[in-house]
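> Sequence and predicted structure are below.
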Amino acid sequence: MPKIEVCLTPALLDLYPIENSIVVVIDVLRATSSITYGIENGAEAIIPVMNVEDCLAYADQGYLLAAERNGEVVAGYDFGNSPFSYTAEKVAGKTIVLTTTNGTKAMHLAQERAYQVIVGSFLNLSAVCEYLKKQHKDVLLLCAGWKDNFNLEDTLFAGAVVEQLQKDFVVGDDSSVAALDMYQLAKGDLRGYLQKSSHNHRLIKLNIEEDVRFCLKIDVCKAIPLLQGEMLVALA
């Protein structure tokens, strides 16, 4: 049986041999939720870049430019990291260049070594799990965290994936066990559990409770974003 492991922060990624693994990048609040929703709504591609300045290299190519730092839209960019910026009316047929505080960095780090990189969120939880079951490959659930620190929301999603896959995979590390235990404790009221989180306090100050609640919805989407070259595209 293949194994499933959870990396609680990108700072620990070097500890995992992922050359033959599918890495699921997780940044629930809000990058991977917004990316999933955008691809679901017909975005042609989303290009994740590391730095705000990197977006400017695409400014003359007709792409939408999206930049977020510390939860806020960077001044001068089309939009930031809210899933409500990724509606069909705004993104269908478009390519978006995106940089975020945590999620896009995690994608680049994973792509350097991984067999494959996909994007996971509560919005596409079941689609991701069904895909992973069929691949017969080791899986690493990579939590983007907050500036290389552990966070609750990404770990909860990792636990949700472990719960669905534990019969088909060897649960390979204590991080997976902890994530599963945490999810099973919280799943009856994810929003209530996340009232404890540090990121929750940051987001409350930004008045984006609607974003948070939307990002915790389960199985709104069937799309699975796949990192192919420099672009996230819909997995065929």
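Cool, the structure landed.
> ok, the nearest residue to residue 216 once chain neighbours are set aside - how many residues close by?
Excluding the flanking residues, the one nearest residue 216 by Cβ to Cβ, 6 or more residues apart in numbering is residue 190, at 4.8 Å. In short, each C-beta sits where N, CA and C put it, glycine included. By other Cβ atoms under 10 Å, the residues close to residue 190 number 22.
> Might you report the residue contacts of residue 190?
Applying Cβ atoms under 8 Å, 6 or more residues apart in numbering to residue 190 gives the contacts 122, 156, 216.
> State whether it is indeed within a helix.
Yes. Residue 190 forms part of a helix when assessed by DSSP: H, G, I helix; E, B strand; the rest coil.
> Now do it against residue 28, distance only.
Distance from residue 190 to residue 28, counting by Cβ to Cβ, to the nearest Å: 10 Å.
> now swap in residue 55 and tell me
23 Å.
> can you check residue 229 too?
25 Å.
> So those two - more neighbours on which side?
Ranked by neighbour count (other Cβ under 10 Å), residue 229 and residue 28 place residue 28 first, with 28 against 9.
> Please verify my assumption that the more buried one contacts residue 215.
Yes. Counting by Cβ atoms under 8 Å, residue 215 is a contact partner of residue 28 at 5.6 Å.
> Give me the common contacts of these two.
Common contacts of residue 28 and residue 215, defined by Cβ under 8 Å, 6+ apart, comprise 121-122.
> hmm, back to that, please identify every residue contacting each of residue 190 and residue 28.
Counting by Cβ under 8 Å, 6+ apart, the residues touching both residue 190 and residue 28 are 122, 156, 216.
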